[in-house]
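Visitor: Here is a sequence with its predicted model. Questions after.
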Amino acid sequence: MKISERQGYAVLIVAAIIIAGQFGIIPNVFDYLQPGQVTPTLPGIPTPTVPGAPTREASAIQFGVHNAITDASISSANTFADVIKIGADGSISFMNKVEQITVNSDPEQSGQTYSQGDQVIIHLSSDVNTLSGQDHYDKWFYATLKEGEPIRVLSKAILNEFVNADGYYYYKFKPGVVGAATGYTIQYTSGTTNYWGLGVLKLVPRLSSAQLDTYATLGTTTLSSVTDGSTWDATAGSSDKTMPTTNENVYISLESDTTNLGYASPMLTTSSKGELQTRSTVVIFSTTMTGIDASKLSDEGWVNIADSTLTAEKAYYRVIPEQVPVQGDRFTMDLKLPVDSSGASSSTTYTFKVWVLDFQLLDNVKIGSSSSSVPTAYGAIGEYGLDTIIHAKAYSVSSGAGTGQVLTFVLYTPA
């Protein structure tokens, strides 16, 4: 069978697109194919409709909000979903939203309707107090409204960042990079009220300050501890210890004293110019042992804080990974703090101070700035689910030394 001139041109064009994608000249369309999918979904680009596929009417979106640990429904006048629609050119602005939905039923539906192929981002917040807990960490999701498309988690790592002439930020998806799938896919239901079904979106319930038990230990000795979230162990006491050798490991331990509660979930916030920011949970320590071995600390994930006002001590921070226990359990984690005093003076008293803070900007922590209050919500964000920061004891410096700490302990170096 002969190929017409027009068919020949079509074959050449398709081949050129495939080759260009393989060499990175344009996004490789095959990177976006889902199992069983014929046409790819490119971030920011409406998905073409397969010939013969049903055309759906513009409809509301429907979803449930559940506890990520217990799977219990979260619905109240204090649970919200902010909906952002991605531009036809793939651009994303976090300054404006289409609507805010009050999630006071399970499932909940939007007030606005959305067309087939629309791409939406949903920011979820809930400051509903959990049983024995306090609030929930916010989370963001995104999806293309086309049957079978996955609902995914949004993070800054999958976005390219741009700034316009007015200094406002906007974003586009990185080619070939997608967020983690939630396990749900878009479903369309026809009836009296048509809707796009997103399944269930889940939020991590956070413990309260009183439920976060914090310890500093050396061997079998508890050097310092806080178990009620309000009485800080900020002075040296009888548990101070002489190091058996010049090279010992202190452990900073964090434990939930209640089941079914999480901690340290990273959160996305926006600035007044629409910049998307990632906020993390950190442990910070400072010490008068300025000769401590920094390389061993680095091996354990501790990062030096470049604070020029800290003249009598050195300080380091470490990011805490998200802690989400399985149902019925409580989380516990240990952070190793290697204390190699071989570069320090022998038979000397050294003080260590510890801070524990969630909801922090790492760019600020790196230079010695932390916050004890929840930031202002801007743009598309109606509000944050967190009302407070744990432990709300910010790292600060006075007379060249750290102050305002949660824990304090003293070590004596061997003779």
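Guide: Now that the structure is in, tell me what you want to look at.
Visitor: Poorly predicted segments of the protein, please.
Guide: 1-53, 130-134 (pLDDT under 70).
Visitor: got the buried residues for stretch 59-79?
Guide: Across stretch 59-79, burial judged by 16 or more other CB atoms under 10 Å covers 59-69, 73-76, 78-79. Using the backbone N, CA and C atoms, a C-beta is placed for each residue, glycine as well.
Visitor: hang on, I meant stretch 389-402
Guide: Quick answer for stretch 389-402 (16+ other CB under 10 Å): 389-397, 401-402.
Visitor: just the strands in the stretch 251-400 of the chain please.
Guide: Assigned strands in the stretch 251-400 of the chain, in chain order: 267-270, 276-287, 303-304, 314-319, 332-340, 349-361, 396-398 (criterion: DSSP state E, counting those that start in this stretch).
Visitor: Of all those, which one is nearest Leu223?
Guide: Leu223 lies closest, by CB to CB, to one member of the strands of the stretch 251-400 of the chain: strand 349-361, at 8.1 Å.
Visitor: Give the other helices and strands that the closest one contacts.
Guide: Packing contacts for strand 349-361, counted by 3 or more CB pairs under 8 Å, 6 or more residues apart in numbering; DSSP states H and E, involve strand 212-218, strand 247-256, strand 276-287, strand 401-403, strand 407-412.
Visitor: how about CSV for the ones you listed, with distance to Tyr114 added?
Guide: Compiled in CSV, the helices and strands packed on strand 349-361 are given as follows (distance: least, CB to CB, whole Å):
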stretch, distance to Tyr114
strand 212-218, 40
strand 247-256, 39
strand 276-287, 22
strand 401-403, 51
strand 407-412, 50
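Visitor: Of all these, which one is nearest Gly176?
Guide: With CB to CB as the yardstick, what comes closest out of those is strand 276-287 (19.8 Å).
Visitor: now that closest one against strand 332-340, angle please.
Guide: Put simply, strand 276-287 runs at 50 degrees to strand 332-340, going by axes from the mean of the first three to the mean of the last three CA atoms, to 10 degrees.
Visitor: Pull up the pairing partners for strand 276-287, direction included.
Guide: Paired neighbours of strand 276-287 in the sheet (DSSP bridges): strand 267-270 (antiparallel), strand 314-319 (antiparallel), strand 349-361 (antiparallel).
Visitor: So which bits of that strand are buried?
Guide: 276-277, 279-287.
Visitor: what's the spacing between it and its chain's center?
Guide: Its chain's C-alpha centre and that of strand 276-287 lie 12 Å apart, by CA atoms, centre = their mean, to the nearest Å.
Visitor: and what of stretch 81-90?
Guide: Using CA atoms, centre = their mean, the offset of stretch 81-90 from its chain centre is 20 Å.
Visitor: likewise stretch 312-320?
Guide: 21 Å.
Visitor: same check, this time on stretch 365-375
Guide: What separates the centre of stretch 365-375 from the centre of its chain is 16 Å, taken as CA atoms, centre = their mean.
Visitor: ditto for stretch 235-248
Guide: The answer for stretch 235-248 is 35 Å, by CA atoms, centre = their mean.
Visitor: Other residues contacting it?
Guide: With contact meaning CB atoms under 8 Å, 6 or more residues apart in numbering, stretch 235-248 is reached by 218-219, 221-224, 338-342, 346, 351, 408-414.
Visitor: Mark which of the residues you listed are buried, thanks.
Guide: With burial judged by 16+ other CB under 10 Å, the buried subset of the contacts of stretch 235-248 is 218, 223-224, 338-341, 351, 408-411, 413.
Visitor: among the helices and strands packed on strand 349-361, which is nearest Ser265?
Guide: Short answer: strand 276-287, nearest of the helices and strands packed on strand 349-361 by CB to CB, at 8.0 Å.
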